[in-house]
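**Student:** generate coordinates for the sequence data below:
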Amino acid sequence: MSAARLLICADDYGYSPRYNLGILEAAETAAIDAAGAMVHRPWCDPAPLLGSGVEVGLHLEPGVAAAAVAVRAQADRFERLFGSRPAFIDGHHHCHARAPLEAPVTELAAELGVRVRAIDGEHRTRLRAAGVSTPDRLIGRLSTAEPLVPREIAHVEGGGDPVEGWTEWMVHPGHADPGAGSSFDTEREQDLAELLRLARDEVLRGWRGLSAGR
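**Tutor:** Numbering: from 1, shown residues only. This next block holds a predicted model:
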C-alpha cells in the first residue's frame, strides 16, 4: 500500500443543467478533484468544466451499438469535445465494470494509459492484471439506503488517520431537477451541501493533497 491519498470524483456531468451547476459549484470551491462527463448528453458543455481546473474523465453510458464500438465512440466524442483523451474512465451505474463493456473499457484504458474506477476487489484485480491503473478502494453511495458520509471520511473527520492507499470517493453533487428522470435527484443537493462543508476541513484537504492556495 502507498501513502494515504483521497480523490473525490463527481459523476454525471452533462446529465442535466441543474446537475451541472452543482458539479461546477463543487469544482469552483475545491470540493471535488475530478468529474466524469456523459458525452452524448445535450448538456455536456465542456468549457465550464475545463475552466474549473478539475480532472475530467469519461462517464461511460451503455450504447445501442456493439460494446467495443460504443466505448470507442464515446471516447472519440470526449476527445472532440474536450480536446484531449479522458483522464479516466468510469461508468453510469457502474456499467463499465460489467459485460459487455468491461473488456473493451479495459482494452481502451490500457491503450490510452488512463485509470479506470474499480468497483470491487475482483474488478480491481482484473484491471491491474491488464496493466490498468485503478484506486485501491471505492467509497460513496448509490442510494439513500447508504450513509451520506462514508465511514472512512467520518473516521478522518472525527480525528482518525486516513486509510492507507488510494481511495476514490464517488459523489453526485447537483441541484434537484425532477424533470431529469434520475432516481437519485434530491439526494444530489445533500451531496453538494456535504461536499461544500467538508471542503473546509484541513485534514481532508491534506488527505487530498491540496495546497493552501486551492
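**Student:** need the longest strand for the chain.
**Tutor:** strand 5-13 (DSSP state E).
**Student:** tell me what the helix or strand following that strand is packed against?
**Tutor:** For strand 5-13, the succeeding helix or strand toward the C-terminus, using DSSP states H and E, is helix 17-28. Counting by 3 or more Cβ pairs under 8 Å, 6 or more residues apart in numbering; DSSP states H and E, the packing neighbours recorded for helix 17-28 are strand 5-13, helix 46-52, helix 187-198. Every residue, glycine included, has its C-beta placed from N, CA and C.
**Student:** who touches the first one?
**Tutor:** Right, the one you point to is strand 5-13. Identification of contacts with strand 5-13 by Cβ atoms under 8 Å, 6 or more residues apart in numbering yields 19-20, 23, 26-27, 31-38, 44, 49, 56-57, 59, 88, 90, 92, 117, 135, 162, 165-174, 182, 195, 204, 207-209.
**Student:** quick one, which of the residues you listed are buried?
**Tutor:** 19-20, 23, 26-27, 31-38, 44, 49, 56-57, 59, 88, 90, 117, 135, 162, 166-174, 182, 195, 204, 207-208 (16 or more other Cβ atoms under 10 Å).
**Student:** which of the three states applies to the spatially most distant residue from the centre of the chain?
**Tutor:** Residue farthest from the centre of the chain, counting by Cα atoms, centre = their mean, is Gly159 at 25.8 Å. Three-state call for Gly159 (DSSP: H, G, I helix; E, B strand; the rest coil): coil.
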